[in-house]
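Asks: structure for the following, please:
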Amino acid sequence: MPFIKLNPHPLGDLPNHPDIDSPSSQDVASLIQTILLEADPLLTKLRSNLQTDSKGRPSPPSKAKVELSQGLHDNEFWVCRQSDHQDSAIDGTGSWREFEAGLRHNHAEHEMEYTPSVTKVKQLLNWDKDSHFDSSKRIEVLNTGYKDFIVELNLIVHTFHPQALIRPRAFISWTVSASFETKSENGEQSTEAQTGFITVQVPFRLPNPTEASEYGQLCAEIRESVPPRTIFGHYASIERVELVAPTTLETSSGRLIQWTMATTSEAGGKIPQWVQRNWTLGGVPKAVVADVGLFIGWVMKRRKGRLEEE
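Replies: Here you go, the predicted model:
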């Protein structure tokens with residue numbers, strides 16, 4: 001069974017962590033390897049098999065058009081987008097350092113800064129400081145070397161308007177992020193090797209209050225951290241950001257940053273799936289495209305603030 005899926009995992013599927021008295025036999029490094037083995041092949045399948053719009057969609061202030069794909073994969077509705085951005089610290093785009101700082105490090109916290117609906121992010125667990133897991137150790141998967149892992153369990157709360165009609169949504173997300181370097185067919189590093197990072201988010205569910213659970217303290221912390229009337233939803237996502245070498249993809253302005261993201265989600269509650277999937281009604285496809293412009297606008301604002309300080 002795939003690990004990257006819409007159906008949320010029970011907390012018992014979390015890897016061992018020193019701060020929780022868990023009965024799990026999961027080793028964090030082994031689970032990371034399982035996820036990495038799934039992530040890139042799944043992203044490739046989604047890019048190939050989903051129905052793609054005939055033309056790119058704008059997402060201002062980003063100068064890059066967004067290629068949007070959507071449809072069913074293994075009975076789950078997935079939305080995928082890809083956009084190519086000039087690697088430059090100018091209006092309408094961002095440099096590689098800005099993309100890496102904004103999307104790889106403090107991923108959930110930064111998402112709250114540029115996504116209006118995200119109103120709270122709480123890190124529940126962090127495996128980076130686990131003495132049994134070396135987050136800097138390199139893991140080889142399918143001719144790709146992954147390293148510098150960020151592994152955490154987050155609680156993410158979305159608040160929508162009008163609040164009287166739409167209840168808050170909370171999501172429990174186990175997040176794995178790593179930088180990577182691709183290799184040539186013979187396994188050697190080449191001058192055309194591509195570098196980037198990948199972030200995978202996997203959904204977990206909160207047990208019902210009547211269910212017996214060994215994670216009582218963690219469950220209590222989650223319930224105390226969400227607003228009244230919150231509904232728990234779930235989503236899975238794969239995000240790959242790649243600095244494409246000039247020898248493989250080049251413009252007159254130099255290197256490009258290729259940003260690819262795919263997600264499947266369920267908001268929960270009484271919002272029909274057809275509404276969640278509808279562009280006109282502001283469903284997931286429209287939000288996925290809008291995220292590109294929201295991020296670029298946030299990058300530009302942060303850059304302007306740094307320049308003014310200087």
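Asks: give me the mean pLDDT for the longest helix belonging to the chain.
Replies: Secondary structure of the chain read by DSSP state H shows that its longest helix is helix 284-309. The predicted model assigns helix 284-309 a mean pLDDT of 93.
Asks: ditto for stretch 43-50
Replies: Predicted confidence along stretch 43-50 averages 94 (mean pLDDT).
Asks: pull the CA atoms of it into PDB?
Replies: Only the C-alpha atoms of stretch 43-50 are listed here, as PDB (Å, rounded to 0.1, in the frame of the first residue of the first chain):
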ATOM      1  CA  LEU A  43       4.900  13.000  -9.300                       C
ATOM      2  CA  THR A  44       6.000  11.800 -12.700                       C
ATOM      3  CA  LYS A  45       2.900   9.700 -13.100                       C
ATOM      4  CA  LEU A  46       0.600  12.600 -12.100                       C
ATOM      5  CA  ARG A  47       2.300  14.900 -14.500                       C
ATOM      6  CA  SER A  48       1.800  12.400 -17.300                       C
ATOM      7  CA  ASN A  49      -1.700  11.000 -16.600                       C
ATOM      8  CA  LEU A  50      -3.700  13.900 -15.300                       C
END
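Asks: just how off-centre is the longest helix of the chain within its chain?
Replies: Average the C-alpha atoms of helix 284-309, do the same for its chain, and the two points are 16 Å apart (Cα atoms, centre = their mean, to the nearest Å).
Asks: helices or strands up against it?
Replies: Contact partners of helix 284-309 among helices and strands, from 3 or more Cβ pairs under 8 Å, 6 or more residues apart in numbering; DSSP states H and E: strand 57-59, strand 62-73, strand 76-86, helix 96-99, helix 107-114, strand 256-266. Heads up, the C-betas are built off the backbone N, CA and C, glycines and all.
Asks: do that again at 10 Å, thanks
Replies: For helix 284-309, the contact count by 3 or more Cβ pairs under 10 Å, 6 or more residues apart in numbering; DSSP states H and E identifies strand 57-59, strand 62-73, strand 76-86, helix 96-99, helix 107-114, strand 256-266, helix 273-276 as packing neighbours.
Asks: can you give the strand pairings for the third one, parallel or anti for each?
Replies: According to DSSP bridges, the neighbouring strands of strand 76-86, each with its direction, are strand 62-73 (antiparallel), strand 256-266 (antiparallel).
Asks: residue 170 and residue 206 touch, don't they?
Replies: Yes - with contact defined as Cβ atoms under 10 Å, residue 170 reaches residue 206; the gap is 8.4 Å.
Asks: in the host helix or strand of residue 44, what's buried?
Replies: Element membership for residue 44 (DSSP states H and E) is helix 28-49. Applying a neighbour-count criterion of 16 or more other Cβ atoms under 10 Å, one finds 28-29, 31-32, 35-36, 38-40, 42-43, 46-47 buried in helix 28-49.
Asks: a markdown table please, covering the residues you listed and showing distance to residue 82.
Replies: A markdown table is the format used below for the buried residues of helix 28-49 (distance: Cβ to Cβ, whole Å):
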| residue | distance to residue 82 |
| --- | --- |
| 28 | 30 |
| 29 | 30 |
| 31 | 27 |
| 32 | 25 |
| 35 | 21 |
| 36 | 20 |
| 38 | 19 |
| 39 | 15 |
| 40 | 14 |
| 42 | 15 |
| 43 | 10 |
| 46 | 10 |
| 47 | 7 |
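Asks: and the helices and strands packed on helix 284-309: which comes nearest residue 162?
Replies: Of all the helices and strands packed on helix 284-309, it is helix 273-276 that lies closest to residue 162, at 15.7 Å by Cβ to Cβ.
Asks: for the closest residue to residue 83 other than its chain neighbours, give me its contacts.
Replies: When the adjacent residues along the chain are set aside, residue 83 lies closest to residue 64, with 4.3 Å between them (Cβ to Cβ, 6 or more residues apart in numbering). Contact criterion Cβ atoms under 10 Å, 6 or more residues apart in numbering gives 56, 58, 82-86, 92-93, 256-259, 292-293, 296 as the residues in contact with residue 64.
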